[in-house]
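*Asks:* Need a 3D model of the sequence below.
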Amino acid sequence: MHYRPLAGVPGIEVRTHATTLYNSIYRADDQALVNAHVWGVNAYGAPVRHLRRSGKGGMFDTYTSSFDAVWETATPVGEG
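*Replies:* Here you go, the predicted model:
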């Protein structure tokens, strides 16, 4: 609902999935924001990690590998 206005904007793709996740991951190029889900805390009050790719095999690659695996199973949100 909150991201629907972004559907159809050039360069932005929004997808939904049914996977149970313990983090929300927002990724752009070599940077990512990882919002850790915490029991009893709304997402806006939970910690956010700002990750930058600094080499192969680090935290950035671990989270983006997880993101990519879920992304492949997700359904694109149509315009409208």
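*Asks:* how many other residues sit next to the closest residue to L6 other than its chain neighbours?
*Replies:* Nearest-residue entry for L6: I12, 4.9 Å, with adjacent residues in sequence omitted and distances by C-beta to C-beta, 6 or more residues apart in numbering. The C-beta positions use only the backbone N, C-alpha and C, and glycine is treated the same way. With neighbours defined by other C-beta atoms under 10 Å, the count for I12 comes to 10.
*Asks:* Now do I12 against R4, distance only.
*Replies:* Distance of I12 to R4, given as C-beta to C-beta, to the nearest Å: 11 Å.
*Asks:* Tell me, how many residues neighbour T64?
*Replies:* 18.
*Asks:* Does it touch V34 like I think?
*Replies:* No: T64 lies out of contact with V34 (C-beta atoms under 8 Å); the separation is 9.9 Å.
*Asks:* what sits in contact with each of the two?
*Replies:* I25 (C-beta atoms under 8 Å, 6 or more residues apart in numbering).
*Asks:* Which strand residues bridge the most centrally placed residue in the chain?
*Replies:* Nearest to the mean C-alpha position of the chain, counting by C-alpha atoms, centre = their mean, stands I25 at 2.7 Å. With DSSP bridges as the criterion, I25 is bridged to V34.
*Asks:* returning to that earlier point: my read is that the residue nearest to L6 contacts P5, right?
*Replies:* No: assessed by C-beta under 8 Å, I12 is found out of contact with P5, at 10.0 Å.
*Asks:* Can you show me the strands along the chain?
*Replies:* For the chain, the strands defined by DSSP state E cover 15-16, 23-28, 31-36, 48-52, 75-76.
*Asks:* What is the burial count for A32?
*Replies:* When neighbours are defined as other C-beta under 10 Å, A32 has 20 of them.
*Asks:* Who are the contact partners of it?
*Replies:* By C-beta under 8 Å, 6+ apart, A32 lies in contact with I25, Y26, H50, L51, F60, Y63, T64, F67.
*Asks:* Can you name the two of those that sit furthest apart?
*Replies:* Checked with C-beta to C-beta, those reach their widest spread between H50 and F67, with 15.0 Å between them.
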